[in-house]
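>>> A predicted structure for the sequence below; I have some questions about it.
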Amino acid sequence: MPSITRRRTPSPGRRASAEAEILAATGRLLIDGANFTELGVQQISIEAGVARSTFYSHFRDKTDLLMRLAATVVDASFNIASAWEPSDGVEGLADAFQQVVGVYREHAAVLRAIAEVATYDASVSRFWSERTIRFRDRTIEILRQEQDAGRSPAGLDLVNASRVIVVGGERAILDHVTVADPSDDAAFARELALIWWYGAYRRQAD
């Protein structure tokens, strides 16, 4: 009687490990200066030590991979930013921004790749816009609470203020980690916090 060989389904642990290796390998290649547009799936697979078919069992394509990488960065930044409350004051805000700058600095290569691909790929541009909406919604929520409590003026345009400080802040942070030395991170984060505190939140100067 002929033997029957069954193909074993990879365990969840093995699948998670391969996925993590692919994500980490792509991050390393980007940090080493690879241009994401020119980076091939085969090169990523070799760096990760997996077969090309394994790549496609975890990711639809390179764009899917890039968005998964960027989602981790955005989620980490949002968790830090959303933990801050106005009661923490401007110093607490500066500390939160310095932590966000640290996240951006660690993943600057991925964020630069997102900025690059978003210029010609509508799905990546849409992905990034949808991710930043969470920051704007959170900012609007806090600003509205401050208005209701009488600590921010009733005439403050919540939507436009949140757009200016969230989109402007995100681009300023990316620019900072691209061109500035890490020794300047604390000063940059404090300046950004002061702009938010005395600009969007309209707090009176001491």
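Okay, I see it.
>>> How about the most centrally placed residue in the chain: what's its closest non-neighbour residue?
Central residue check for the chain by CA atoms, centre = their mean: the C-alpha nearest the mean position is that of Val74, 2.7 Å away. Beyond its immediate neighbours in the sequence, the residue positioned closest to Val74 (CB to CB, 6 or more residues apart in numbering) is Arg131, lying 4.5 Å away. Yep, even glycine has a C-beta here, placed from its N, CA and C like the rest.
>>> The residue nearest to the centre of the chain: which element?
With secondary structure defined by DSSP states H and E, Val74 is part of helix 62-83.
>>> tell me what that helix is packed against?
Using 3 or more CB pairs under 8 Å, 6 or more residues apart in numbering; DSSP states H and E as the contact criterion, the elements in contact with helix 62-83 are helix 12-31, helix 41-48, helix 89-106, helix 108-118, helix 122-148.
>>> Select, out of these, the one closest to Trp196.
Each of the helices and strands packed on helix 62-83 was scored for nearness to Trp196 using CB to CB, and the closest is helix 89-106 (6.2 Å).
>>> Can you give the contact residues for that closest one?
73, 76-77, 80-81, 83-85, 88, 111, 173-174, 176-177, 182, 185-186, 188-190, 192-194, 196-197, 203 (CB atoms under 8 Å, 6 or more residues apart in numbering).
>>> domains of this structure?
Listed domain ranges for the chain are 11-59, 65-200 (source: automatic domain parsing).
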